[in-house]
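>>> What would the 3D arrangement of this be:
(chains A and B)
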Amino acid sequence: MKTYIIKRLLMLIPVLLGVSVVIFVLIRLTPGDPARIMAGEHADQQTVEEIREKWGLNKPLPEQYFIWLKEALQGNLGRSITTREFVVSEILERFPNTLELTLTAMIIAIVVGVIAGVISATKQYSIFDYGSMVGALFGISMPVFWLGLMLMFVFGLLLDWFPIAGRLDVNITLKRITHFYVIDSLLAGNWPALKDVLVHLVLPSIALATIPMAMIARMTRSSMLEVIRQDHIRTQRAKGLPERTVVYKHALKNALIPIVTVIGLNFGLLLQGAILTETVFSWPGLGRYAVQAVYARDYPAIQGSVLFIAGTFVIVNLITDIIYAYVNPKIRYR
Amino acid sequence: MFSRKKKIEQISKLQVNSYSELNETFHMLWSNKSAMIGLILIVILVIVAIFAPFIAPNDPYQRSLPFRLKPGIWSEGLSTRYPLGTDYMGRGILSRLIYGARDSLTVGFIAVGIAASLGIFLGLLAGYYGGMIDHLIMRFVDIMFAFPSILLAISIMAVLGPGLEKAMIAIGIVYTPQMARVVRGSVLTVRGTVYIEAEKAIGSSDFRIIVLHVLPNVMAPIIVYSTLSIASAILDAAALGFLGLGAQPPRPEWGAMLADSRQYLMSGAWWAVTFPGLAIMITVLALNLLGDGLRDALDPRLRK
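Coordinates of the predicted model:
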């Protein structure tokens, strides 16, 4: 197991380097003077020259790349054109917001998806089974931004149950410790803030959770159906174990490997969905930051956020692979 | 990453080896109810897209401010003229959706067409020749896999600038690595077979072997993967349109329509947002149903 992890970690290096080359080249392909692009349209000549000097933009392309990479590795991705802040600090400020949203969505997706899948499998061909599988089919075909808008309209506007934008009411003060608002408000024992944070989380996290939920439910059902017909389950039933124990303790445990895989896969998908969900709900996360950077043609911010999201995506995928190897020893020895 | 690879691995193993198997495949597809529903829906959508000028009740670009944001047949009054209501410029939603079917289907087919041509080329090279070429191409594919697809599409759009045609190119590029992987995987299984060896033994050129023998035998996985990819390409194109990076107004692309009408949702004009989303969902659903059915029909383990 240890060698597998080390091997995978080493394989990460060329991939991340490749990612950085792709991002670097992509921005350089943009027509125009790169120094002017990095400085922004409205910058004066002196700033442009400073940037040209600092990032070696008058040097050959490979050399430019190494200068950029060296700076990036030291945590300097340049300054945003629009805010003149350091891109890295802007990213770090928003990253916990994205993480809190995706983790909440993942928990909802796993809990609801697994339970729906198990019930569908144990009551195959029942109304519940048909209902949840048709629901799951629609779930994976839905544009996430549309679902977000629909939830917003019904539960935010018509019923007025939940707020439709942002993360925390402006009138509530909360001391930021971890930047995870749920944890922060718990640590501070600030109950009104906790309630407000949670109601803000409801709609975006449900919108984001729907697609993974559908996939997890489908996979749980098919995996459970395979396991539940096996002899050892019949034995458990024959020896008189209660149905609940048979299903949740014995069958589900054996059906877990494909479910874990799908969950891992969906972590990556959630990062994608977050880009759109954050835009719909004005959630101050990394995805929205990236999209707004594209609108503003803020190239340092685009570069930084894409690099950061891609890096997170790679690491999440690596963790999935490791967990997968852990639950399924066959993979380790390949 | 693992599961995406695994899915690709599974799909790249699909094969049809004889006419009787082809028959069986069609038979299975024919008797698969949900795949048939998908196929019928797609045929209807294609017909609607082609004959849009004859079907649409009004001109999709014709603005009429007195009729802005009017509800459709569910309320009294305008029902017959604008069956699904109007948007903020008084354009009929139904007509725009009908014309929009052209854009959405075109984006799906062309983007996947680009991805398939590039992917088949790279996959054949990598799979057939192996060695250094294979290694290089596959490392490149690994790197492209490190980007969430919509993020990569957004970054490419940041360089290309907004527009529907550019969105097709961006999505085509984003989908190429996956396609290359599918093709490579199935070329590897075909390459080891006896008939390829026989061709080599009688001195056929690589080009002849690839075009006449390898390519036809890797078509099954390509078709399945393309069908499923068109579904996600349409979703991604709609997402780009929604973000304002894809189709530009007044073009009636479904994602852009959603983005246009978004701000009027708060004033209660739900129809302007709901119907474009439903249109996207039905199209994607139909393609997913057909794709899943095709995969099952081509899977030898499921054949009787």
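
>>> Spit out the contact partners of residue B:288.
Taking Cβ atoms under 8 Å, 6 or more residues apart in numbering or on different chains as the criterion, residue B:288 is in contact with A:137, A:140-141, B:38, B:228, B:231. In this view, the C-beta of every residue, glycine as well, is placed from N, C-alpha and C.

>>> Tell me which of the residues you listed fall in helices.
Among these, DSSP state H puts A:137, A:140-141, B:38, B:228, B:231 in helices.

>>> What mean pLDDT does stretch B:282-289 get?
Stretch B:282-289 shows a mean pLDDT of 92.

>>> and residue B:198, that's in a helix?
Yes - under DSSP: H, G, I helix; E, B strand; the rest coil, residue B:198 sits within a helix.

>>> Can you name the residues that contact residue B:62?
Counting by Cβ under 8 Å, 6+ apart, residue B:62 has contacts residue B:91.

>>> Okay, it and residue B:257: tell me how far apart.
Separation of residue B:62 from residue B:257 (Cβ to Cβ, to the nearest Å) stands at 15 Å.

>>> can I assume residue B:14 is in contact with residue B:224?
Yes - Residue B:14 is within contact range of residue B:224, at 6.1 Å (criterion: Cβ atoms under 8 Å).

>>> Can you name the residue of the stretch 1-150 of chain B nearest to chain A?
residue B:143 (3.4 Å; Cβ to the nearest Cβ).

>>> so which strand or helix has the closest residue to that residue other than its chain neighbours?
Nearest residue to residue B:143 in three dimensions, chain neighbours excluded: residue A:18, at 3.4 Å (Cβ to Cβ, 6 or more residues apart in numbering or on different chains). Assigned by DSSP states H and E, residue A:18 falls within helix A:2-28.

>>> for the closest residue to residue A:225 other than its chain neighbours, helix, strand, or coil?
Using Cβ to Cβ, 6+ apart and skipping the chain neighbours, the partner closest in space to residue A:225 is residue A:121 (4.9 Å). At residue A:121 the chain is in helix, as set by three-state DSSP.

>>> Spatially central residue in the chain, please.
Chain wasn't specified; assuming chain A. Centroid-nearest residue in chain A: residue A:271, 2.6 Å away (criterion: Cα atoms, centre = their mean).

>>> wrong chain, I was asking about chain B
Note: chain B centre (Cα atoms, centre = their mean) maps to residue B:230, 0.9 Å.

>>> wait, isn't that residue in contact with residue B:113?
No - at 9.4 Å, residue B:230 does not count as touching residue B:113 under the criterion of Cβ under 8 Å.

>>> For burial, what's the neighbour tally of the residue of the stretch 51-200 of chain A at minimum distance from chain B?
Nearest residue of the stretch 51-200 of chain A to chain B: residue A:146, at 3.3 Å (Cβ to the nearest Cβ). Other residues near residue A:146 come to 26 when the count uses other Cβ atoms under 10 Å in any protein chain shown.

>>> in chain B, what spans have low per-residue confidence?
The model of chain B has pLDDT under 70 over residues B:1-7, B:16-18, B:73, B:76-80, B:300-304.

>>> hmm, back to that, thought the residue nearest to residue A:225 was touching residue A:229?
No - here residue A:121 does not reach residue A:229: they are 10.2 Å apart, not a contact under Cβ under 8 Å.

>>> Counting neighbours, go ahead and name the busier of these two.
Between residue A:121 and residue A:229, residue A:121 has the larger neighbour count (other Cβ under 10 Å), namely 23 against 10.

>>> got a list of what the more buried one touches?
A:129, A:220-222, A:224-225, A:228.

>>> Just the helices from the stretch 101-250 of chain A, written as ranges.
Using DSSP state H, counting those that start in this stretch, the helices found in the stretch 101-250 of chain A span residues A:127-141, A:144-151, A:181-188, A:191-228, A:231-238, A:243-244.

>>> Out of these, which is closest to residue A:163?
Closest to residue A:163 of the helices of the stretch 101-250 of chain A, according to Cβ to Cβ: helix A:191-228, at 5.4 Å.

>>> helices or strands next to that closest one in the packing?
Judged by 3 or more Cβ pairs under 8 Å, 6 or more residues apart in numbering or on different chains; DSSP states H and E, helix A:191-228 is in contact with helix A:87-122, helix A:127-141, helix A:144-151, helix A:181-188, helix A:256-280.

>>> Count the residues that sit near the residue of the stretch 201-304 of chain B found nearest chain A.
Closest contact between the stretch 201-304 of chain B and chain A, by Cβ to the nearest Cβ, is at residue B:277 (3.3 Å). For residue B:277, the count of nearby residues is 22 (other Cβ under 10 Å).

>>> Now do the helix or strand it falls within and helix A:127-141, the angle between them.
Assessed by DSSP H and E, residue B:277 sits inside helix B:271-298. Helix B:271-298 and helix A:127-141 are oriented at 110 degrees to each other (axes from the mean of the first three to the mean of the last three Cα atoms, to 10 degrees).

>>> which parts of helix B:271-298 are buried?
For helix B:271-298, a neighbour-count test (16 or more other Cβ atoms under 10 Å in any protein chain shown) marks B:271-281, B:283-298 as buried.

>>> what do you get for stretch B:240-253?
Those would be B:240-247, B:251-253, for stretch B:240-253 by 16+ other Cβ under 10 Å.

>>> what's it in contact with?
Taking Cβ under 8 Å, 6+ apart as the rule, stretch B:240-253 contacts A:143, A:145, A:276, A:279, A:291, A:294-295, B:60-61, B:89, B:91, B:95-97, B:99-100, B:103-104, B:107, B:150, B:153-154, B:157, B:162-164, B:167, B:170-171, B:237-239, B:254-260.

>>> Just the buried subset of the residues you listed, written out for PyMOL, thanks.
To isolate the buried members of these in PyMOL, using 16+ other Cβ under 10 Å:
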select buried, (chain A and resi 143+145+276+279+291+294) or (chain B and resi 60+89+91+95+96+97+99+100+103+104+107+150+153+154+157+162+163+164+167+170+171+237+238+239+254+255+256+257+258+259+260)
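
>>> Among the contacts of stretch B:240-253, which lie within helices?
Going by DSSP H, the helices hold A:145, A:276, A:279, A:291, A:294-295, B:95-97, B:99-100, B:103-104, B:107, B:150, B:153-154, B:157, B:164, B:167, B:170-171, B:237-239, B:254-260 from those.

>>> thinking again about what came up before, name the residues contacting each of residue B:14 and residue B:224.
With Cβ under 8 Å, 6+ apart as the test, residue B:14 and residue B:224 both reach B:295, B:298.

>>> hmm, back to that, redo the contacts of residue B:288 as CSV? Include neighbour count and distance to residue A:90.
Output for the contacts of residue B:288, formatted as CSV (neighbours: other Cβ atoms under 10 Å in any protein chain shown; distance: Cβ to Cβ, whole Å):
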residue, neighbour count, distance to residue A:90
A:137, 17, 40
A:140, 19, 34
A:141, 22, 35
B:38, 23, 44
B:228, 21, 37
B:231, 23, 35
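
>>> circling back: which one among the contacts of residue A:121 gets closest to chain B?
Nearest to chain B out of the contacts of residue A:121 is residue A:222 (Cβ to the nearest Cβ; 12.1 Å).

>>> Who are the contact partners of that closest one?
A:121, A:258.

>>> Please give me every residue in contact with residue A:310.
Contacts of residue A:310 (Cβ under 8 Å, 6+ apart): A:19, A:23, B:146-148, B:151.

>>> among those residues, which two are most distant?
The two members of those with the most space between them (Cβ to Cβ) are A:23 and B:148, at 13.2 Å.

>>> Many thanks, I have nothing further to ask.
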